[in-house]
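# Sequence and predicted structure, then a few things I'm wondering about:
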Amino acid sequence: HAVLQPMFAGSPSFLMPTLNFMRHPLKWLQAIDRHRITHSGAPDFAYGACVLAAARTPNLHLDLGSWELASCGAE
């Protein structure tokens, strides 16, 4: 549903390969910032991975103000 809905609505959609996320979890949040993404979701472990990566990244600057809906697709 989340993959097909943007196509029917005529909106852009961005997908991130799992391996890319596992190597660099913050790339997900950086993509939300860069592309002004409004709806995005991931399994629950992804949110924890981002918190851990952000804690290890000094001077991290993200603007996630465009993010209106964060969903959890649990494992």
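Alright, I've got the coordinates.

# gap between residue 48 and residue 54?
Relative to residue 54, residue 48 is positioned 11 Å away (Cβ to Cβ, to the nearest Å). For every residue, glycine as well, the C-beta is placed using N, CA and C.

# Those two: who's more crowded?
residue 54 (14 against 11; other Cβ atoms under 10 Å).

# how about that one, secondary structure?
Of the three states, residue 54 takes helix according to DSSP: H, G, I helix; E, B strand; the rest coil.

# who's in contact with it?
By Cβ atoms under 8 Å, 6 or more residues apart in numbering, residue 54 lies in contact with 26, 29, 60.

# Please report the distance of residue 5 from residue 44.
From residue 5 over to residue 44 (counting by Cβ to Cβ), the distance is 22 Å.

# how about stretch 61-75 as PDB, C-alpha atoms only?
C-alpha atoms of stretch 61-75 as PDB (Å, rounded to 0.1, in the frame of the first residue of the first chain):
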ATOM      1  CA  HIS A  61      21.800  19.000  11.800                       C
ATOM      2  CA  LEU A  62      18.500  17.700  10.400                       C
ATOM      3  CA  ASP A  63      15.300  19.500   9.600                       C
ATOM      4  CA  LEU A  64      12.600  16.900   9.900                       C
ATOM      5  CA  GLY A  65       9.800  19.500  10.000                       C
ATOM      6  CA  SER A  66       8.200  18.200   6.800                       C
ATOM      7  CA  TRP A  67       7.700  14.800   8.300                       C
ATOM      8  CA  GLU A  68       4.000  14.500   9.000                       C
ATOM      9  CA  LEU A  69       3.500  10.800   9.400                       C
ATOM     10  CA  ALA A  70       6.000   8.400  10.800                       C
ATOM     11  CA  SER A  71       4.700   4.800  10.700                       C
ATOM     12  CA  CYS A  72       6.100   1.600  12.200                       C
ATOM     13  CA  GLY A  73       6.000  -1.500  10.100                       C
ATOM     14  CA  ALA A  74       7.000  -3.900  12.800                       C
ATOM     15  CA  GLU A  75       8.900  -7.100  12.000                       C
END
